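K.L.:
I'll drop the sequence and a predicted model, then ask my questions.
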Amino acid sequence: MIYLELLVTFFKIGLFSFGGGYGMIPLIEREIVSRSWLTGTEFVDIISISEMTPGPIAINTATFVGYKMGGVAGGLAATTGVVLPSLILILIVSHYLEKFQQNKLKEEIIHGIRPVVVALIIQAALLVAGNIFLKEKQGAEIISIFDWISGGDFLNTINLPAILITAVCLALLLLTRIHPVLLILIGGAAGIIFHYAGIM
């Protein structure tokens, strides 16, 4: 039954994903694409849409996939599945947190987990970059940037407009105090211009 499968799959994603939305992306991608619920290209599109809509990436993705696979009931099942582990764990942790507030072991565990979270976020960035920087016809399947670079036809597969938009937006983020929402609007406008100009 698709509703139970959605609930269980997204419960597993919620239970074993650490580091917030970006840290969850590799596991979400593995679970969703391997079940053929989304193609690699659709998955990257959903990450983009999740960034420009309110709410965490994992919840937005769960709602979208659930709705696609099972309508409103599927959306509710997937969304419930992804938030349930956090709700249960936070209730348990908050009960005991005060007792272990100054515990040295807790501090060491957290110091060890932080670098793992950074690695997960970097992996997510590389995975998404590999699919965005490839020309659309090449991006039907999810690919890491390392696979893209090591591919035989590297120069003919790069999506120069996407790289240009990324570079300009990154420069604006690093050098100015521009609001991210404004950057999203600029990126959308650039995409429209490039599309109608036959470049993208």
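P.N.:
Looks like it arrived, so ask away.

K.L.:
In terms of residue numbering, what are the domains of the chain?
P.N.:
Using automatic domain parsing, the domain parsing of the chain gives 2-158, 159-200.

K.L.:
Please identify the deepest-packed of those domains.
P.N.:
Sort the domains of the chain by mean neighbour count, taking mean count of other CB atoms under 10 Å, and domain 2-158 sits at the top with a mean of 16. All C-beta atoms are positioned from the backbone trio N, CA, C, and that covers glycine.

K.L.:
Now do that one: distance from first to last residue.
P.N.:
37 Å (CA to CA, to the nearest Å).

K.L.:
How much space separates Ile193 from Leu164?
P.N.:
Using CB to CB, to the nearest Å, we find Ile193 at a distance of 12 Å from Leu164.

K.L.:
I misspoke; the intended subject was Gly130.
P.N.:
According to CB to CB, Gly130 and Leu164 sit 17 Å apart.

K.L.:
and if you look at Pro54?
P.N.:
Distance from Pro54 to Leu164, by CB to CB: 28 Å.

K.L.:
Which pLDDT does the model give Ile158?
P.N.:
With respect to pLDDT, Ile158 has a value of 78.

K.L.:
Show the secondary-structure elements that whichever strand or helix holds Val82 is packed against.
P.N.:
Assigned by DSSP states H and E, Val82 belongs to helix 57-97. Counting contacts by 3 or more CB pairs under 8 Å, 6 or more residues apart in numbering; DSSP states H and E, helix 57-97 packs against helix 2-16, helix 20-34, helix 40-52.

K.L.:
Tell me which of the ones you listed lies nearest to Leu89.
P.N.:
Closest approach to Leu89 among these (CB to CB): helix 2-16, 8.2 Å.

K.L.:
Could you quantify the relative orientation of the closest one and helix 57-97 as an angle?
P.N.:
Interaxial angle of helix 2-16 relative to helix 57-97 (axes from the mean of the first three to the mean of the last three CA atoms, to 10 degrees): 60 degrees.

K.L.:
any residues touching helix 2-16, and which ones?
P.N.:
For helix 2-16, the surrounding residues in contact (CB atoms under 8 Å, 6 or more residues apart in numbering) are 24, 27-28, 31-32, 35, 58, 62, 65-66, 69-70, 73-74, 77-86.

K.L.:
Now for this protein, the helix or strand with the poorest mean pLDDT.
P.N.:
helix 145-150 (a mean of 56; mean pLDDT, DSSP states H and E).

K.L.:
middle-most residue in the chain, spatially?
P.N.:
The C-alpha lying nearest the average C-alpha coordinate of the chain belongs to Ile25 (CA atoms, centre = their mean; 3.9 Å).

K.L.:
tell me which element the residue lying closest to that residue once chain neighbours are set aside falls in.
P.N.:
Counting by CB to CB, 6 or more residues apart in numbering, Ala124 is the residue found nearest to Ile25 once chain neighbours are left out, at 3.6 Å. Using DSSP H and E, Ala124 sits in helix 104-132.

K.L.:
That'll do, ta.
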